[in-house]
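*Asks:* Fold the following.
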Amino acid sequence: MKRDAPRQTRLRLDTPVTYLKGVGPARAEALKRLGILTAGDLLYHIPHRYEDASTIASIASLEPGMQGTVVGRVISKGVLPTRKGLRIFQAVLKDDTGMIEVSWPGQPFLDRTIAKDDVLLVTGSVRFFHGRQLQPREFVNLGDEDNALAEGLVLSVYPATEGLSFKVIRGIIDAHLDELLSLVTEYLPADVLRTATLPSIADALRMVHRPTSLGEAMEGRARLAFEELLFVQLLQQRAKALAREVRRGIRFENRRQLTTRLREALPFTLTGAQSRVLREIFADMCSDRRMQRLLQGDVGSGKTIVALFSALLAMENGFQAAIMAPTELLAEQHARSMTRLLEPLGIAPILVTGGLKAKERREVAARLADPEPALVVGTHALVQEATSFARLGLAVVDEQHRFGVEQRKALGAKGEAPDVLLMTATPIPRSLALTLYGDLDLSILDERPPGRLPVTTALRPESARDRVLQFIDRELEKGRQAYVVYPVIEESEKSDLKAATTMYEILAEGAFQSRRVALLHGRIPGEERDAIMRRFRDGEIDVLVATTVIEVGIDVANATVMLVEHPERFGLSQLHQLRGRVGRGAEASYCILLGDVSPETKQRLDVFVGSDDGFVIAREDLRLRGMGDLFGERQSGVATFRVADPIRDELLNESARDAADRLLAADPELESPANAPIRRVLGERYARSLELFRVG
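*Replies:* Residues are numbered from 1 along each chain as shown. Alright, predicted model coming up:
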């Protein structure tokens, strides 16, 4: 006779959630959607916010103009239509002191999730509209838990899923928390916790799940965020150390021949930031290890001249240098500007693009097969199999985020371990860059060349459209040029956004009918796009109506106005990149955002209007939007963060990096018995650690 499998009685961290009290098959399936498979997963399912009952006010005390948090029972509810077709869900809440109406415009679906007699915790602003009314900023449905919030209690609100509310998750966690905490053992060294002034892991988990105050909840969260940041720093720093061991490269010598001649011939003086970055790059190139460096520079900070000096250092040591740009237009621009700067030195860059004729390709191939020093500027044609170098010493990738990982690697593989310099104009705050690109050395250009006028930036409402277009036309009358940018190419029934194709026709036949207007977007074939941009560069087009395809473009010094419609559809960093297309000449330049936006969006856009510092803007953009697309292909090996945020937790990140430095300096393999728990957790959480620390 077949016996039933014995039911587990002793709880362990690897116990499947199915065996937990209060979790049946349906709830186990719902927990699985949240990534919770074991009791240990449940313990590390951290609340994503808290409601502090100590701030709760009585309904009778609320006055118009106040911000308040109340707890009340729903005594009536319903959906009210308005004359404009908007449907409003309204509920009347009652506590021991009185009643108040709560209104959710445009959210009629709440009628299905909020029931009569439910207890709601609501935070929002109070106004007078046919009586006192509370407009919720956020709310929590406590169900029938009218005694859930005693004075001073902090309510943990967990990430939930369909069929499993935060209250049910809280109940399951609370029922098993004491037993689970008894199973947890510390894995961070005592001196690390002491230096960072952080609680033990058991205390931290108790603080986040069952806090006695918001401050205690944040203290527990800080410990969990710190360890995530520490583990990522350990992985990145170990990866960098291993790469250095095998990264034998070319040992250049700073002969101060071509580089000194260029410095003397320049019509301008290098900024302090450019000089500092060049010292960092030259120190790398003159060492016996291969350079792998990321150069971050804001729009207009002068990255190209840094790349040129680096190339000359390779050339004066008898090597070739290659600079790869994402478009033919940008490669041509680099070649032209470098030709002017290098003319006193008698050096002419070689341009390599996919548009070369067969005879030109043969001539270039013969020149690159010659081991004589040369500077090569090109597109992805540089990494194609047909392009080979006799003696490549330096590979520079401009706008590196526009190339795939494999394309960047391919250029670096074109020679015998050439030094590699990646450049980007997309500002990433230093704390995040050091985490995302921990396997690269980092240099930052944080200073603009003197004499460049700031771009005047303004946000204007739709009612100012005619005045804005008249202002642009006055600039065109002076002989200047303008960009007009839209978020979409074509109009759609699903949105009321103005589109580039439609507005091109309207502007060309209306406000700019006496001007030369052209249309540019991503569906236009590449060769035609380049031809349009060349015509704009050469002054044959007055107004370029475009999408964000111009975000990484070429310098058009005569373009002085950038008009962006529907600015709410763009990220702040994207707007900053667009603004960088103007202000490249000696004339005053302008960036105008046009459209009616919500108060929240205006607050966000005011950050852009009030600053021309790309790093400040990027920090705010990340704070508002989250890191999202930063963890893409480039960072497929980086552990994602569940608790930590390298922007919000910048000080913790610095502390974690210092702790990782100390740990690896004393024990590079984390082999000591004291570090065995860290090795164990790294092996459990991050598969990547298996190859870096040989953890089994």
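
*Asks:* Could you use CA atoms for every contact and neighbour count after this?
*Replies:* Noted.

*Asks:* Okay, now the unreliable bits of the stretch 301-450 of the chain?
*Replies:* Under the criterion of pLDDT under 70, the regions of the stretch 301-450 of the chain flagged as low confidence span 401-408, 412, 431, 434-439.

*Asks:* switch to 90 and redo it
*Replies:* Within the stretch 301-450 of the chain, the stretches with pLDDT under 90 are 301-302, 325-333, 352-371, 379-390, 397-417, 420, 422-442, 444-450.

*Asks:* That one: helices as residue ranges?
*Replies:* Defined through DSSP state H, counting those that start in this stretch, the helices belonging to the stretch 301-450 of the chain, from first to last, are 303-315, 328-342, 358-369, 405-412, 430-436.

*Asks:* Could you say which of these is packed most deeply?
*Replies:* With neighbours defined by mean count of other C-alpha atoms under 10 Å, none of the helices of the stretch 301-450 of the chain is more surrounded on average than helix 303-315, at a mean of 23.

*Asks:* Tell me what angle that helix forms with helix 328-342.
*Replies:* Comparing the axes of helix 303-315 and helix 328-342 via axes from the mean of the first three to the mean of the last three C-alpha atoms, to 10 degrees yields an angle of 60 degrees.

*Asks:* And the contacts of helix 303-315?
*Replies:* Judged by C-alpha atoms under 8 Å, 6 or more residues apart in numbering, the contacts made with helix 303-315 from elsewhere in the structure are 252-256, 258-259, 262, 274, 277-278, 281-282, 295, 297, 320-323, 334, 338, 373-375, 393-394, 396, 423, 445.

*Asks:* Could you export it as PDB, CA atoms only?
*Replies:* This file holds the C-alpha atoms of helix 303-315, laid out as PDB (Å, rounded to 0.1, in the frame of the first residue of the first chain):
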ATOM      1  CA  LYS A 303      35.200  64.800 -25.600                       C
ATOM      2  CA  THR A 304      36.400  64.900 -29.200                       C
ATOM      3  CA  ILE A 305      39.600  66.800 -28.400                       C
ATOM      4  CA  VAL A 306      40.300  64.400 -25.600                       C
ATOM      5  CA  ALA A 307      40.000  61.500 -28.100                       C
ATOM      6  CA  LEU A 308      42.300  63.300 -30.500                       C
ATOM      7  CA  PHE A 309      45.100  63.800 -27.900                       C
ATOM      8  CA  SER A 310      44.800  60.100 -27.000                       C
ATOM      9  CA  ALA A 311      45.100  59.100 -30.600                       C
ATOM     10  CA  LEU A 312      48.200  61.300 -31.100                       C
ATOM     11  CA  LEU A 313      49.800  59.600 -28.100                       C
ATOM     12  CA  ALA A 314      49.300  56.200 -29.800                       C
ATOM     13  CA  MET A 315      50.600  57.700 -33.100                       C
END
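
*Asks:* Tell me if I'm right that residue 59 and residue 98 touch.
*Replies:* Yes. With contact defined as C-alpha atoms under 8 Å, residue 59 reaches residue 98; the gap is 5.7 Å.

*Asks:* still on that earlier bit, now a PyMOL select for only the buried ones of the contacts of helix 303-315.
*Replies:* The following PyMOL selection, which keeps only the buried ones among the contacts of helix 303-315, applies the criterion 16 or more other C-alpha atoms under 10 Å:
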select buried, resi 252+254+258+259+262+274+277+278+281+282+295+297+320+321+322+323+334+338+373+374+375+393+394+396+423+445
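
*Asks:* Tell me, how many residues neighbour the closest residue to residue 20 other than its chain neighbours?
*Replies:* Distances taken as C-alpha to C-alpha, 6 or more residues apart in numbering place residue 39 nearest to residue 20, at 7.7 Å, with adjacent residues excluded. When counting by other C-alpha atoms under 10 Å, one arrives at 23 neighbours for residue 39.

*Asks:* got any ranges where the stretch 1-150 of the chain has weak pLDDT?
*Replies:* Along the stretch 1-150 of the chain, segments meeting pLDDT under 90 span 1-14, 17-26, 28-35, 48-72, 79-89, 95-96, 98, 103-115, 117-150.

*Asks:* List the contacts of residue 656.
*Replies:* Contacts were defined as C-alpha under 8 Å, 6+ apart; by that measure residue 656 touches 226-227, 229-230, 233.

*Asks:* Between its first and last residues, what's the separation in stretch 573-585?
*Replies:* The separation between the terminal residues of stretch 573-585, taken as C-alpha to C-alpha, to the nearest Å, is 22 Å.

*Asks:* Grab the nearest non-local neighbour of residue 292.
*Replies:* residue 420 (5.1 Å).

*Asks:* Touching, the one you found and residue 396? I think so.
*Replies:* Yes. Shown here, residue 420 and residue 396 form a contact pair, counting by C-alpha under 8 Å, at 5.9 Å.

*Asks:* Could you pull up phi and psi at residue 592?
*Replies:* Recorded main-chain torsions at residue 592 are phi -120, psi 120, according to degrees, to the nearest 10.

*Asks:* hey, what's it bridged with?
*Replies:* When bridges are assigned using DSSP bridges, the partners listed for residue 592 are residue 458, residue 563.
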